[in-house]
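Novice: Model the structure of this input:
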Amino acid sequence: MPRSTGGFLRAFSMGVATICVPFLTRGQCGNNNVAIAGGSISPSCPGTTNVPCVQGGQYALVNVVAGSTYTFSSCGATWDTNMTLFNNAGGAAIAYNDDAAAGPCNGSLQSYVSWTATFTGQLRVLLDQYVSIFTPCGSNTTCAPLAITCTPPPSGDCLYTLNLNDSFGDGWGTSYVSVSINGAPAQNYTVTGTTFQVTLGVNIGDQVVLSYNNSGTYQGENSYSLTLGGGALYNSGSPPAAGISFTNTVSCQAPPSPPEDCVGSITICNNQSFNNNTNNTGNVADLTLTSAGCLGALERQGTWYNFTPSAGGTVAFNINPADPADDYDFAIWGPFPPGSTPTSICPPLGAPLRCSFAAPPGQTGLNYTATDFSESPLGDKWVQYINVTVGQVYLLYISNYSQSGLAFSLGWDLGSGASLDCTVLPIDVLSLQAKVNNGRVDVTWTAANEVQTDHYQVERSADGLAYHTLGHLNSLGNTTSPTDYHFVDEFPETGINYYRLLQVDHTGQTVATAPVALLFGSNAATPVLVPNPVGESGVVFLDWAADGTCVVTISDARGREVHSSTRPLAAGAQQFRLDLPDLDQGAYLLRLLTTDGCPQGQTRFVKLR
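Specialist: Residues are numbered from 1 along each chain as shown. Below you'll find the predicted structure:
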């Protein structure tokens, strides 16, 4: 049988679709084992906890803490082990290993998994006995020792997570990802089973470089990503390109979720064309065997969308690939309650409302003549329209099984008075500023078009990721004239503070402004440029030693000075705007000096296009 990511295989011969039955891949031993005696285990951290007896077909329940790294090994077993990790709350397999090619079980028939916890809760660690290709997940009554080693999260301003994946589950062989921070010797990471994760502690201003060695076989099974706070800083796609793949100056601001992930779904409401040139399946395994429905191969190459009816009726649509030879699939989940957001409904937990996995290429969608709700590869690509009522929310996943990009047009066919909601909560804030004032921070903004605004919620974050509410100010009424607002943060944090507003309308809907950053009460000599990477302009935060003139220089990666300017600064915590419209894309060094050339601090940054 050919190598596959699991689920269904689709093959074509002389125009006739041949269906291969679903099969259990090496990375998917079923979550059907029984618990060992003694209850759950809370491993020492840092430290190693030894479980003396786990039989084939049993699991240990382990209490884990998000951010900590756990390794599990069955090196002392006398029989051929398989190891599979599951979240005890449910879902698909998290990690898997059969024969360890690394770690303490290196080169043996025993299992070794290294995993960084993405949740706080209980983890199932399953051991199965490998008997043959026909029964790869068997049981027995012989004890195998299980060693659990826990390492707490590394320190740093924020944590990056490096995620390595092998779609077949047999590891990367000699391939690996190298990570270098601030020019230090690179650390190499590989995967021996299905997945591997490692947490990297980084500080604002650090330079992170990823590179990939592609010496192993089956490169089309390999992929990796670097994430922060759930957002992807980089995703390699599959197969990954060899050599240096990504450079980054750490800012600790999480990027938004991409549309390849459910929480990054795109709101759609009218006919439009898409050209989403994704080459990966996102950073989150949104689809499981429970929620995928007819999409038996789970996610292949697709993006997520959401839509909401503004009037009830019937909804159909047509997905028309730009390349008529492409094979597109799709599924719809819902309806979800009015006011639902991607954060509250992703990933979908149940089976889809409509689903088509039909194999012929060409157009697909919902129409008014189809009578089926779901289709196998033998279908005609069309399933029945849906009845909708106002305010309901639906998720739509569109996937190109041919994996040649996502260029298609989407046309709606609405009946019985149905319409789709294109309105979004308006951003009324014209300006948002934060300034230090006698040991406090003044947060001010100007707003307009406050016809629907009820109040503003002021939020603060220490890392640009997790925000908490400081207080709120009521809107001054329905007006289209500019209105000024002032809020005082009495107890700002030492260091960088990020401020943003949540604009709340009369129905309770909210929308967040872009944050502004401020340096408060820090005596650090290193300046900070926010954001980093930077676009046309950024803000430099610094502590200036004494009243005087600051000389600002910028040098490129070759050490050539490409910018020089001066500006007067008062002593203490300061900030100033730095315009960079003429700089090319690349890495730079920002230096601050006095007029007599005395260095006052420096920082590295990356300029975007």
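
Novice: and F487, what pLDDT?
Specialist: F487 is assigned a pLDDT of 93 by the prediction.

Novice: again, but for the one 10 residues further on
Specialist: What the model reports as pLDDT for N497 is 83.

Novice: And G6, what's its pLDDT?
Specialist: Looking at G6, its pLDDT stands at 34.

Novice: now swap in the one 3 residues further on and tell me
Specialist: Here, the pLDDT recorded for L9 equals 38.

Novice: just M14 next, same as before
Specialist: 31.

Novice: One more: T507?
Specialist: 64.

Novice: What of A448?
Specialist: We have a pLDDT of 65 for A448.

Novice: where does S344 fall, helix, sheet strand or coil?
Specialist: Per DSSP: H, G, I helix; E, B strand; the rest coil, the local secondary structure of S344 is helix.

Novice: I'd like the distance between the nearest residue to F336 once chain neighbours are set aside and S340.
Specialist: Nearest non-adjacent residue to F336, counting by CB to CB, 6 or more residues apart in numbering: V393, 4.2 Å away. Where C-beta positions appear, they are placed from N, C-alpha and C, glycine not excepted. For V393, the distance to S340 (CB to CB, to the nearest Å) stands at 4 Å.

Novice: Then S42?
Specialist: Distance of S42 to S340, computed by CB to CB: 36 Å.

Novice: So for these two, which residue has more residues nearby?
Specialist: Per other CB atoms under 10 Å, whichever of S42 and S340 has more neighbours is S340, with 19 against 13.

Novice: Show the contacting residues for the more buried one.
Specialist: V393 (CB atoms under 8 Å, 6 or more residues apart in numbering).

Novice: phi, psi of it?
Specialist: Main-chain torsions, S340, degrees, to the nearest 10: phi -60, psi 150.

Novice: which stretches of the stretch 201-350 of the chain have low pLDDT?
Specialist: Within the stretch 201-350 of the chain, the stretches with pLDDT under 70 are 229-231, 254, 256, 277-283, 298-300.

Novice: in it, which spans are strands?
Specialist: Ranges of strands within the stretch 201-350 of the chain are 207-213, 222-228, 231-235, 243-249, 266-267, 272-276, 302-307, 309-311, 313-321, 328-336, based on DSSP state E, counting those that start in this stretch.

Novice: Dump those strands into a markdown table; add distance to Y70 as well.
Specialist: Formatted as a markdown table, these follow (distance: least, CB to CB, whole Å):
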| stretch | distance to Y70 |
| --- | --- |
| strand 207-213 | 24 |
| strand 222-228 | 18 |
| strand 231-235 | 23 |
| strand 243-249 | 26 |
| strand 266-267 | 36 |
| strand 272-276 | 36 |
| strand 302-307 | 30 |
| strand 309-311 | 45 |
| strand 313-321 | 42 |
| strand 328-336 | 32 |
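
Novice: As JSON lines, these with distance to V539 and mean neighbour count would be great.
Specialist: Formatted as JSON lines, the strands of the stretch 201-350 of the chain follow (distance: least, CB to CB, whole Å; neighbours: other CB atoms under 10 Å):
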{"stretch": "strand 207-213", "distance to V539": "20", "mean neighbour count": "19"}
{"stretch": "strand 222-228", "distance to V539": "20", "mean neighbour count": "23"}
{"stretch": "strand 231-235", "distance to V539": "21", "mean neighbour count": "19"}
{"stretch": "strand 243-249", "distance to V539": "15", "mean neighbour count": "16"}
{"stretch": "strand 266-267", "distance to V539": "30", "mean neighbour count": "14"}
{"stretch": "strand 272-276", "distance to V539": "32", "mean neighbour count": "13"}
{"stretch": "strand 302-307", "distance to V539": "33", "mean neighbour count": "24"}
{"stretch": "strand 309-311", "distance to V539": "40", "mean neighbour count": "18"}
{"stretch": "strand 313-321", "distance to V539": "44", "mean neighbour count": "19"}
{"stretch": "strand 328-336", "distance to V539": "39", "mean neighbour count": "23"}
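
Novice: nearest to D413, of those strands?
Specialist: Nearest of the strands of the stretch 201-350 of the chain to D413, taken as CB to CB: strand 313-321 at 4.1 Å.

Novice: Just give the closest residue to D380, not the sequence neighbours.
Specialist: Closest residue to D380 apart from its sequence neighbours, by CB to CB, 6+ apart: A358 at 6.2 Å.

Novice: so who does the one you found touch?
Specialist: Here A358 is in contact with D329, T364, E375, S376, P377, L378, G379, D380, K381 (CB under 8 Å, 6+ apart).

Novice: who wins for most neighbours among the residues you listed?
Specialist: Among those, T364 has the most neighbours (other CB under 10 Å), with 27 neighbours.

Novice: dump the residue contacts of the closest residue to it other than its chain neighbours.
Specialist: Nearest residue to T364, sequence neighbours excluded (CB to CB, 6+ apart): K381, at 3.9 Å. Under the criterion of CB under 8 Å, 6+ apart, the neighbours of K381 are S356, A358, P360, G362, Q363, T364, G365, E375.

Novice: Quick one: which of the residues you listed has the lowest pLDDT value?
Specialist: Minimum pLDDT for the contacts of K381 is recorded at P360 (88).

Novice: I'd like to know how far that residue sits from P324.
Specialist: Using CB to CB, we find P360 at a distance of 11 Å from P324.

Novice: Done for today, thanks.
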